[in-house]
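Student: With the sequence up front, the predicted model follows.
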Amino acid sequence: MTTPDLTAPSNFIKTIIEEDLKTKKYDNRVHTRFPPEPNGYLHIGHAKSICLNFGIAKEFNGLCNLRMDDTNPTKEEAEYVESIKADVRWLGFDWQERMYYASDYFGRFYECAVELIKKGRAYVCDLTPDEMRHYRGTLTEPGKESPFRNRSVEENLDLFERMRAGDFSDGSRTLRAKIDMSSGNINMRDPVIYRILHAEHHRTGDKWCIYPMYDFAHCISDSIERITHSICTLEFEDHRPLYDWFLNELNLYHPQQIEFARLNLSHTIMSKRKFIQLVEGGYVLGWDDPRMPTISGLRRRGYTSEAIRNFAERIGVAKRESTVDIALLEHCIREDLNKRAPRVMAVLRPLKVTIDNYPEDNTEELDAINNPEDPDMGTRKVPFSRVLYIEEDDFQEEPQKGFFRLSPGREVRLRYAYFIKCVNVVKDDSGKITEVRCTYDPATRGGDSPDGRKVKATLHWVSARHALDAEARLYDHLLLKEDANDVAEGQDFKSIINSGSLEILTACKLEPSLANTKAGDRYQFERLGYFCADRDSLKDKLIFNRTVTLKDTWAKVQKKGQ
RNA sequence: UGGGGAGUAGUGUAACGGCAGCACGGCAGAUUCUGGAUCUGCUUGUAGGGGUUCAAAUCCUCUCUCCCCAGCCA
């Protein structure tokens, strides 16, 4: 007997499973599967399905298989198999020894096809693709029966065997199920179950030149693996009668297909076809570009698998088509990284600050807390000296309303260091501010004022002499609008691509504790956001991807003021 | 005009004849050595009409809107 996790939200699929468990429909077993086609990289929409299938298995003490749905040799490649496995594993799921391939069942599919022929339920059809389309009818008109529909079992058997033997060219014949050409459900109008494809398969090589179609292969694969609940997306809803038809005609163990709505995310796209346009059009730098909603892109961006799993849980599962606000994904990663990311000081757009009354060659080591959310993460030393960098927009010569950072005559705190007061502004010939001169109060060492006076802002900073050089890649939403379809007449999603989705800052300054950062390390740059070291990092120049900004009340206020 | 689905706050998702809840967002406030985090409060919803019932998001009925299907793709 399983005890469902009370903390995990329920959904209609779990309700069905609980019911099946009660009625012992599947013998108290729960067995799901995640069946990607290895023809591209996984994205966050797949993550929803992975979390659903593996999550349900775990919750009900069941099993979940990983299965490559590789029935079309012209589209699939071994490279994708590896990336899919890596992504599922990274997401935190384990299929143990149950790594399967539909192509492992090719022999079995063939036998099933022969059985259907013998039962008079399948026939070899010589219609060309074009003819078949005409015979199929339309959404509102019934189809016509193929002239080859009533061949004898013997002739069908012979023809099908010769299809397999390679006697015929691609597209010249198909094997079709004999169902009902007048069905309102077009999937039931004698669907093709085998096609001729003289193509090299990534696993079976040239052993086969006929390949089964999805509808035929999928239900039998599920059956072979003794799947109980075959969970798929909504567009397969009207394939279910066909799923059931094959299994009934073949008299096989019969899993239950259940459909749910795929994930849509605001401000981005979620289709392989569009990803390709992005990559090939040069809008992004590859499938794992940190702007892509692919698993590999999110990983490179700095997302954790915990955050993605948590996201998958929060969005729920239903049959209604919907678009989840990307703000929820961002919330999930902030929530996770807030607890685990060490804090560090980094200045992205440096503005030089000189402390006039600080001794010329002096350096102090000040204590800084690594993570105020987790005292166990300890403290570190940060060097302080006379010349520092602060963030350009932490200074305003003429402070706008509501701005309480540094400006002439005003005192602020340098985090973990001292109170400083701006006494002068240095500009170049063009009037651009090149340096701010300040004085400090030695009594405020560590950041507290003995006299109890308050300061309205605390700024992050980096000692110029000790700073590390770095590059920061700031990412923003891929699309300017929530909905990729919200475009002008005749335009597509490419017309609303956010041209500012990547901003590269090359003159960043980091505190020296970051010297040994490795690719993939995540930090919170205080007051700025969460950043993840990119694999492009060089020895003398670290490169960081901004995973997500911190929530920024000030930015909101400024935006409203405009 | 064929077949299959779906309509609950701005967004997503619960409630399965019995108080419409939760999360994100938004808006206030408290607090703070991150304008972060945390805490508190507020905001807004059952597509529409009729019916059954003591009681309807839930059952019946009519209507409206949206999505999917005419690959030898999955």
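Tutor: Perfect, thanks for sending it.
Student: going forward, measure contacts and count neighbours with C-alpha atoms only.
Tutor: Will do.
Student: quick one: A:Lys559 and A:Asp552, what's the gap?
Tutor: Counting by Cα to Cα, to the nearest Å, the gap from A:Lys559 to A:Asp552 is 11 Å.
Student: If you could redo that for A:Ile269, that was the one I meant.
Tutor: As judged by Cα to Cα, A:Ile269 and A:Asp552 stand 26 Å apart.
Student: who's more crowded, those two?
Tutor: A:Ile269 (21 against 11; other Cα atoms under 10 Å).
Student: was I right about A:Met188 contacting A:Asp244?
Tutor: No - between A:Met188 and A:Asp244 there is no contact under Cα atoms under 8 Å: 11.2 Å.
Student: Among these two, which residue is more densely surrounded?
Tutor: Set A:Met188 next to A:Asp244 and count neighbours by other Cα under 10 Å: A:Met188 wins out with 20 against 17.
Student: residues contacting that one?
Tutor: By Cα atoms under 8 Å, 6 or more residues apart in numbering, the contact list for A:Met188 reads A:Ile179, A:Asp180, A:Met181, A:Pro241, A:Leu242.
Student: at 10 Å instead, please
Tutor: Neighbouring residues of A:Met188 by Cα atoms under 10 Å, 6 or more residues apart in numbering: A:Ala177, A:Lys178, A:Ile179, A:Asp180, A:Met181, A:Ser182, A:Asp238, A:His239, A:Pro241, A:Leu242, A:Trp245.
Student: who touches the residue nearest to the fourth one when sequence neighbours are not counted in this structure?
Tutor: So that's A:Asp180. Leaving out its chain neighbours, the residue that sits closest to A:Asp180 by Cα to Cα, 6 or more residues apart in numbering is A:Arg189, at 5.1 Å. Contact partners of A:Arg189, counting by Cα under 10 Å, 6+ apart, are A:135-137, A:142-145, A:176-183.
Student: Show me the strands in the stretch 451-562 of chain A, by range?
Tutor: Secondary structure of the stretch 451-562 of chain A by DSSP state E, counting those that start in this stretch: the strands cover A:458-459, A:461-463, A:468-475, A:502-510, A:522-525, A:529-533, A:542-549.
Student: Distance to A:Cys125 for these - can I get that in CSV?
Tutor: What follows is the strands of the stretch 451-562 of chain A, written out as CSV (distance: least, Cα to Cα, whole Å):
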stretch, distance to A:Cys125
strand A:458-459, 75
strand A:461-463, 75
strand A:468-475, 53
strand A:502-510, 53
strand A:522-525, 59
strand A:529-533, 57
strand A:542-549, 55
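Student: out of those strands, which comes closest to A:Lys352?
Tutor: Of all the strands of the stretch 451-562 of chain A, strand A:461-463 sits nearest to A:Lys352, with 9.7 Å by Cα to Cα.
Student: Direction included, what does that closest one pair against?
Tutor: Strand pairing for strand A:461-463, using DSSP bridges, gives strand A:387-391 (antiparallel).
Student: following the partner strand, which helix or strand shows up next?
Tutor: Sequence order places strand A:411-414 as the next helix or strand after strand A:387-391, per DSSP states H and E.
Student: That following strand pairs with which strands, and in what direction?
Tutor: strand A:419-427 (antiparallel), strand A:458-459 (parallel).
Student: So for RNA strand B, which of these sits nearest?
Tutor: strand A:458-459 (4.7 Å; Cα to the nearest atom of the strand).
Student: Can you name the residues of the stretch 251-400 of chain A sitting close to RNA strand B?
Tutor: Proximity of the stretch 251-400 of chain A to RNA strand B, by Cα under 7 Å from any atom of the strand, involves residues A:261, A:314-325, A:327-328, A:331, A:335, A:338, A:343, A:371-373.
Student: Now a ChimeraX select for only the buried ones of these.
Tutor: The ChimeraX selection below is limited to those of those classed as buried (16 or more other Cα atoms under 10 Å):
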select /A:261,315,317,338,343,371
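Student: what bits of chain A have low per-residue confidence?
Tutor: A:1-7 (pLDDT under 70).
Student: Would you map out the domains in it?
Tutor: Annotated domains of chain A cover A:12-265, A:346-467 [automatic domain parsing].
Student: Generate JSON lines for those domains, with distance to A:Ile543 as supplementary columns.
Tutor: Below are the domains of chain A laid out as JSON lines (distance: least, Cα to Cα, whole Å):
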{"stretch": "domain A:12-265", "distance to A:Ile543": "23"}
{"stretch": "domain A:346-467", "distance to A:Ile543": "12"}
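Student: Ok, which of those comes nearest A:Gln524?
Tutor: Here domain A:346-467 is closest among the domains of chain A (Cα to Cα), at 9.2 Å.
Student: So which of the residues of the stretch 251-400 of chain A next to RNA strand B sit within strands?
Tutor: The strands, defined by DSSP state E, take in A:Arg343 from those.
Student: Buried deepest among the strands paired with strand A:411-414, which one?
Tutor: Of all the strands paired with strand A:411-414, strand A:458-459 carries the top mean neighbour count, a mean of 20, counting by mean count of other Cα atoms under 10 Å.
Student: gap between that one and the chain center?
Tutor: 35 Å (Cα atoms, centre = their mean, to the nearest Å).
Student: Would it count as contacting RNA strand B?
Tutor: Yes - for strand A:458-459 and RNA strand B, the contact criterion (Cα under 7 Å from any atom of the strand) is met by A:Thr458, A:Leu459.
Student: Find the closest residue to RNA strand B in chain A.
Tutor: Nearest residue of chain A to RNA strand B (Cα to the nearest atom of the strand) works out as A:Gly447 at 2.9 Å.
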